[in-house]
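**Student:** heads up, no residue letters with this:
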C-alpha cells in the first residue's frame, strides 16, 4: 500500500502539470471545443481538405487542429503514457552519468556530480514555466484556427528560450566556481575541480536544452506526445553510448560524462528541428500543389467565360510554409513577453522551493565528506 501511495504522490503532480494545460485550460483546444459542443447540443468536427493530405502525426504540430471533441479515456492514456515517459527519461540521464562515472571514475568524480547536476539541471528546472506557457498559448491558438497566432506563439517562445538559454548557460559557466565551492563545502573540497569541468561543459548545452523544452511543449499542445518521446529516446541513446565510449573506453571520467550529456541535449534538439523542418517542407509542397490546381481551375474558367479572374494568393493557405515563415517572423514585443511571464509567478515559486530542498539535501550530504556526497548522488539518482 505504501509504495502505491508513494508512486501516486510522486507522479500525480507531473501528470497533472502535463495534462492540465491541454485538457483543462479554459481556452485549450479540447476543453473549449467540448464546452461549445455541449452548448450547441452536438459535437462539431472541423475538417479541412488540406489536412487529409498529411499523415496524422505530421498534421499536428504546424497545421490547424482537427479534433474538437472531448477526449476519451483511451486518448488520455495514449497521450499521457508517452508524456510520462518523457519526464521519466530525464532523470535516467543523470542515473546513467552516475552509474558510468561510478564504474569508470573516482569517488571524487562521482561525488562532484551531486552539486554539479544541482547547479546545471536545477537552474534549468526553474525555467520550466516557459514550456507550460508555450503549451497553453499554442493550444489556444490551435483552437482558434489562426495560423498567424500559432506561428507567433511558436517563434516568440523559441526566441525567449534562446535568449534565456544563452543567459542561463553564461551564468552557469561564470559562477561555476563559487557555486560548486558553496555546495560542496570544506568537507568535500576535493570535488571542486571535477565539478568545475563538468559544469562548464554542460553550460554549453543550456540553450539547446531550453529550446527543446519549448519545442516539446508545442508538440504536446498539438496532442502529439510521441514525437517528443522519440527525441528524448534519441538523446538518451546518445548519452548512453557516449558515456560508455568516453568514460569507460577512453577514460575521460567526469569530462566524458559531461560531453555525453551535452551531445545528447544537442541530438534531441536537432531531432525535433529535423521533424519540424520535414513538416514545414511537406506543407510547402502541398501549398504549391494546391496553388497550381487553383490557378489551373481559374485559367479554365477564364477560357470558358472570358472573364478575368484573379489567381489565388498562396498567402491565404492555412498551412505554415517556409515562405510564410520568412514573411511573418517578427521579434516579440513587451506585450508578448508579458504573456509568457504571466505563467512564471506561482509556478516559479513552487519550483524554487523544491530546488531549495534538493540543494539543502546536497549540502548536508557534502558536510559528511566526499564519500557521503558520492553516496548521496547515487541514492538521489536512483530515487528522484
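**Tutor:** Received the coordinates, thanks. Model, not experiment: these values are computed from the prediction. Numbering: from 1, shown residues only.
**Student:** Point to the helix or strand of this structure where mean pLDDT is at its lowest.
**Tutor:** Ranked by mean pLDDT, DSSP states H and E, the weakest helix or strand in the chain is helix 29-40, scoring a mean of 37.
**Student:** which parts of the very next helix or strand once past that one are buried?
**Tutor:** Elements were assigned by DSSP states H and E; along the chain past helix 29-40, the next helix or strand is helix 73-104. Of all the residues in helix 73-104, those buried under the rule 16 or more other CB atoms under 10 Å are 79, 82-86, 89, 93-94, 96-102, 104. Yep, even glycine has a C-beta here, placed from its N, CA and C like the rest.
**Student:** all strands of the stretch 251-384 of the chain, in order?
**Tutor:** Taking DSSP state E, counting those that start in this stretch as the test, none of the stretch 251-384 of the chain falls into strands.
**Student:** Show me where it dips below the pLDDT cut-off.
**Tutor:** Within the stretch 251-384 of the chain, the segments meeting pLDDT under 70 span 298, 301-330, 384.
**Student:** cool, and the stretch 1-150 of the chain?
**Tutor:** 1-69, 90.
**Student:** My guess is residue 208 contacts residue 271. True?
**Tutor:** No. Taking CB atoms under 8 Å as the definition, residue 208 is not a contact partner of residue 271, at 11.1 Å.
**Student:** My guess is residue 108 contacts residue 195. True?
**Tutor:** No. Counting by CB under 8 Å, residue 195 is not a contact partner of residue 108; they are 9.5 Å apart.
**Student:** Comparing these two, which residue is more hemmed in?
**Tutor:** A side-by-side neighbour count of residue 108 and residue 195, using other CB atoms under 10 Å, places residue 195 first with 30 against 21.
**Student:** Quick check: longest helix in this protein by residues?
**Tutor:** Ranked by residue count under DSSP state H, the longest helix found in the chain is helix 253-305.
**Student:** what's the burial count for residue 297?
**Tutor:** 13.
**Student:** ok, now how distant is it from residue 291?
**Tutor:** 11 Å (CB to CB, to the nearest Å).
**Student:** Find the centremost residue of this structure, please.
**Tutor:** Per CA atoms, centre = their mean, the C-alpha nearest to the average position across the chain is that of residue 213, at 2.1 Å.
**Student:** so what secondary structure elements neighbour the strand or helix carrying it?
**Tutor:** Assigned by DSSP H and E, residue 213 belongs to helix 206-221. Applying 3 or more CB pairs under 8 Å, 6 or more residues apart in numbering; DSSP states H and E, we find helix 206-221 packed against helix 2-23, helix 107-125, helix 129-144, helix 147-174, helix 226-243, helix 253-305.
**Student:** Distance to residue 184 added to those helices, as JSON lines?
**Tutor:** Formatted as JSON lines, the helices and strands packed on helix 206-221 follow (distance: least, CB to CB, whole Å):
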{"stretch": "helix 2-23", "distance to residue 184": "28"}
{"stretch": "helix 107-125", "distance to residue 184": "5"}
{"stretch": "helix 129-144", "distance to residue 184": "29"}
{"stretch": "helix 147-174", "distance to residue 184": "16"}
{"stretch": "helix 226-243", "distance to residue 184": "23"}
{"stretch": "helix 253-305", "distance to residue 184": "14"}
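**Student:** for residue 224, helix, strand, or coil?
**Tutor:** coil (DSSP: H, G, I helix; E, B strand; the rest coil).
**Student:** Run a quick neighbour tally on it.
**Tutor:** When neighbours are counted by other CB under 10 Å, residue 224 registers 21.
**Student:** Kindly report the same for the one 3 residues further on.
**Tutor:** Neighbouring residues of residue 227 were enumerated by other CB under 10 Å; the total is 24.
**Student:** just checking, it touches residue 274?
**Tutor:** No. Taking contacts as CB under 8 Å, residue 227 lies outside contact range of residue 274: 10.6 Å.
**Student:** Kindly list the main-chain dihedrals of residue 185?
**Tutor:** phi 70, psi -180 (degrees, to the nearest 10).
**Student:** Could you report the distance from the closest residue to it other than its chain neighbours to residue 359?
**Tutor:** With CB to CB, 6 or more residues apart in numbering as the criterion, residue 185 has its nearest non-adjacent residue at 4.7 Å, and that residue is residue 366. Going from residue 366 to residue 359 by CB to CB gives 11 Å.
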